[in-house]
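Trainee: Mind folding the following:
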Amino acid sequence: MFSKQVSLGVRSESSRFQLTRVSGTEELEVATQLRERAFRERRGIHFDQSLEAGRDREGHVFMLLDRATPIAVGRVLPYPSRLSPLVDLSRLAGAYGADSEIGRVACVASSELPQSALLLLTLGSQWLLEHTRLRRYVGYCQPRLLRLYAKLGAVAGQTIQVPDRPEPYCIISGTYQDAASLGLCRLGSS
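Mentor: Down below sits the predicted model:
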């Protein structure tokens with residue numbers, strides 16, 4: 001059973017979606033499996049399970065459900081953090097004034113990928129604004145995802161090289177307020 005669910009009213013058809021802040025071992029296992037499968041199958045990326053488990057415990061893990069089926073997952077860590085990959089990847093990441101780091105956003109292949117990610121990021125931002133003191137984020141993504149984050153008000157920063165990945169990544173930064181309000185506008189809700 002999933003807990004801490006928030007029903008949505010984004011468009012009439014979107015009432016089928018729910019955002020869950022993951023809590024409990026069973027939910028975390030479902031979120032972890034979705035994340036691992038998405039990164040492994042589409043990008044050939046494997047994670048250190050022990051490190052990921054520590055990051056999950058320290059941060060907020062969100063899962064987007066479509067009629068009770070998990071379709072997207074993402075994580076927010078405090079920033080800076082001893083567990084943050086950005087601390088080691090960029091000496092300039094601290095210059096973004098962030099209090100948190102977004103990452104590990106993944107969607108199942110059968111979902112409407114851009115829409116699912118947009119919905120996850122928008123609703124996760126709303127939840128963070130309502131339930132935490134977190135306001136500004138930093139993260140990194142593949143250059144092809146910059147348009148998605150720009151829709152939520154994120155600004156692209158420096159290019160970085162992530163170990164064991166062939167292509168460069170871009171640092172992004174923004175506010176949860178912009179992500180929530182711009183995301184809702186994009187999704188057609190007031």
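Trainee: what ranges do the helices span in this structure?
Mentor: Using DSSP state H, the helices of the chain run over 25-43, 49-58, 85-89, 113-131, 146-151, 176-186.
Trainee: Any buried residues in the longest strand seen in the chain, and which?
Mentor: Longest strand of the chain, by residue count under DSSP state E: strand 69-78. If you call a residue buried by 16 or more other CB atoms under 10 Å, then strand 69-78 has these buried ones: 70-78. The C-beta positions use only the backbone N, C-alpha and C, and glycine is treated the same way.
Trainee: Among the residues you listed, list the two that are farthest apart in space.
Mentor: Farthest-apart pair in the buried residues of strand 69-78 is I71 and P78; separation 26.2 Å (CB to CB).
Trainee: helices and strands of the chain: which one bottoms out on pLDDT?
Mentor: Ranked by mean pLDDT, DSSP states H and E, the weakest helix or strand in the chain is strand 5-7, scoring a mean of 42.
Trainee: List the contacts of the longest strand of the chain.
Mentor: Here strand 69-78 makes contact (CB atoms under 8 Å, 6 or more residues apart in numbering) with 30-31, 34-35, 38, 55-56, 58-65, 83-84, 99-108, 110-111, 116-117, 119-121, 124, 128, 134, 137.
Trainee: Who does the spatially most central residue of the chain form a beta bridge with?
Mentor: The structure's the chain has its C-alpha centroid closest to G74; by CA atoms, centre = their mean the separation is 3.4 Å. Beta-bridge pairing for G74 (DSSP bridges): F62.
Trainee: Give me the pLDDT value at it.
Mentor: What the model reports as pLDDT for G74 is 95.
Trainee: Quick check: it vs P166, distance?
Mentor: G74 sits at a distance of 23 Å from P166 (criterion: CB to CB, to the nearest Å).
Trainee: again with E130
Mentor: E130 is 39 Å from P166, where distance means CB to CB.
Trainee: Likewise for G124?
Mentor: According to CB to CB, G124 stands 29 Å off from P166.
Trainee: Those two: who's more crowded?
Mentor: Set side by side, G124 and P166 show more neighbours around G124, with 27 against 7, by other CB atoms under 10 Å.
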